[in-house]
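Engineer: With the sequence up front, the predicted model follows.
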Amino acid sequence: MNAFAKIPVTIVTGFLGAGKTTLVRHLIENARGRRIAILVNEFGDVGVDGTLLSDCGDESCRPAAVVELTNGCLCCTVADDFMPAIESLLALPNRPEHIVVETSGLALPKPLVKAFDWPEIRAKLTVDGVVAVVDAAAVADGRFADDPAALAAERANDAAIDHDNPLEEVYEDQLLAADLVVLNKADLLGDADLAAIEAEIRAAVPRAVKVVRATEGRVDPTVALGLFAAAEDDLAARPSHHEAEGEEHDHDDFETIVVDVAATPDAESLVARLRTVAEAHDVLRIKGFVEVTGKPMRLLVQGVGARFRHAFDRPWRRDETRAGRLVVIAEKGLDAAAVRAALAS
């Protein structure tokens with residue numbers, strides 16, 4: 001590789017639980033020898049996504065090539081977090097040929113794309129493309145399609161409401177920044193529903209954008225990598241709600257807590273309890289690792305709303321404590337004490 005060539009960077013964005021990590025893992029497991037480095041950013045101090053990537057078994061997943069940031073959103077801490085992380089990857093003996101950045105589910109991608117216009121970054125990197133991963137089943141449920149008439153009526157009757165649904169803004173801003181939209185979990189819907197969602201996405205994005213359907217994040221790397229978008233030169237075509245409103249972006253609309261969980265006698269009873277907690281407290285996302293009594297393997301749990309998946313992902317290592325920890329993400333106002341009590345019971 002030419003030492004003076006810019007390294008392409010793919011930014012993978014998408015709402016909570018859409019399947020970003022699954023997509024990234026699929027890309028690096030099918031890299032065909034190409035050196036790919038991964039930078040993963042998530043909320044909370046339990047590195048679920050970084051751990052899943054570094055355990056993938058591929059050379060690209062070696063610990064030195066996976067940089068994990070858990071202290072906030074990259075789009076807000078470019079100077080403090082992003083640049084040092086990039087420098088550590090560029091300092092590897094074998095420089096990466098491609099870098100994949102997986103953002104937090106709460107992140108707006110455009111501020112991160114803007115960072116690539118900084119002279120010290122522009123000289124070394126280019127944004128090959130922004131890939132937005134969409135949970136097709138969630139969108140089909142209308143989770144990001146607020147009724148404008150109902151919203152207007154609610155605004156008129158409640159002076160405390162002075163902005164749109166923040167979840168919808170995050171979702172739309174991720175679409176507006178995208179060069180490729182991956183309609184994930186397509187196997188859960190029929191063709192008619194998928195076609196309707198694709199039409200909604202194309203109507204929401206004021207420029208040509210590719211939309212592909214996927215199951216379990218299985219997108220050919222030749223499709224997702226190598227878009228040659230140079231997104232840092234195309235910022236005007238990627239509008240943002242927060243820019244239009246003149247707002248500073250923060251995450252005060254969301255709360256994240258980390259809950260220690262004791263060993264559970266069986267996975268099914270734990271998932272049932274988590275589902276009850278998610279429904280009772282309007283939780284957006286629950287993810288983490290739990291010990292199941294008598295089992296040598298670690299249980300991975302991932303939930304989006306009241307939908308949960310669980311599987312034993314690998315054996316517990318001799319040098320690690322079999323401690324169960326879960327990250328719980330919800331909109332502001334979460335009764336953290338009640339959630340902790342429910343999960344500890």
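Structural biologist: Arrived safely. Predicted model only: the values in this text are computed from it and were never measured.
Engineer: tally of neighbours for A37?
Structural biologist: Neighbour count of A37, defined by other C-beta atoms under 10 Å: 28. Backbone N, C-alpha and C define where each C-beta goes, glycine included.
Engineer: From D260, how far off is it?
Structural biologist: Separation of A37 from D260 (C-beta to C-beta, to the nearest Å): 32 Å.
Engineer: try I286
Structural biologist: 14 Å.
Engineer: Strands along this structure, start to end?
Structural biologist: 7-14, 36-41, 66-69, 98-102, 125-135, 180-184, 210-213, 254-261, 283-291, 297-304, 307-315, 324-331 (DSSP state E).
Engineer: per-residue confidence for the closest residue in space to L108 that isn't next to it in sequence?
Structural biologist: Leaving aside its sequence neighbours, L108 sits nearest to D173 (C-beta to C-beta, 6 or more residues apart in numbering; 4.8 Å). You'll see D173 listed with a pLDDT of 88.
Engineer: contacting residues around D173?
Structural biologist: Taking C-beta atoms under 8 Å, 6 or more residues apart in numbering as the criterion, D173 is in contact with 108-110, 240-242.
Engineer: a markdown table for those residues, including pLDDT and distance to V290?
Structural biologist: Listed next are the contacts of D173 as a markdown table, based on pLDDT from 0 to 100; distance: C-beta to C-beta, whole Å:
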| residue | pLDDT | distance to V290 |
| --- | --- | --- |
| L108 | 80 | 31 |
| P109 | 84 | 31 |
| K110 | 85 | 36 |
| S240 | 81 | 37 |
| H241 | 71 | 37 |
| H242 | 63 | 36 |
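Engineer: Pick the one among those residues closest to V211.
Structural biologist: Closest approach between these and V211, by C-beta to C-beta: P109, at 16.8 Å.
Engineer: Do I have it right that the closest one meets V133?
Structural biologist: No: P109 is beyond contact range of V133, at 11.5 Å (criterion: C-beta atoms under 8 Å).
Engineer: anything in contact with each of those two?
Structural biologist: What both P109 and V133 touch, as defined by C-beta under 8 Å, 6+ apart, is the set T13.
Engineer: Next, work out how far apart L90 and P84 are.
Structural biologist: Look at L90 and P84: by C-beta to C-beta, they are 11 Å apart.
Engineer: who's more crowded, the two?
Structural biologist: L90 (14 against 11).
Engineer: got a list of what the more buried one touches?
Structural biologist: Per C-beta under 8 Å, 6+ apart, neighbours of L90: 7, 96, 124.
Engineer: Please name the bridge partners of the residue lying closest to the second one once chain neighbours are set aside.
Structural biologist: This means P96. Nearest residue to P96, sequence neighbours excluded (C-beta to C-beta, 6+ apart): A37, at 3.6 Å. Beta-bridge pairing for A37 (DSSP bridges): I99.
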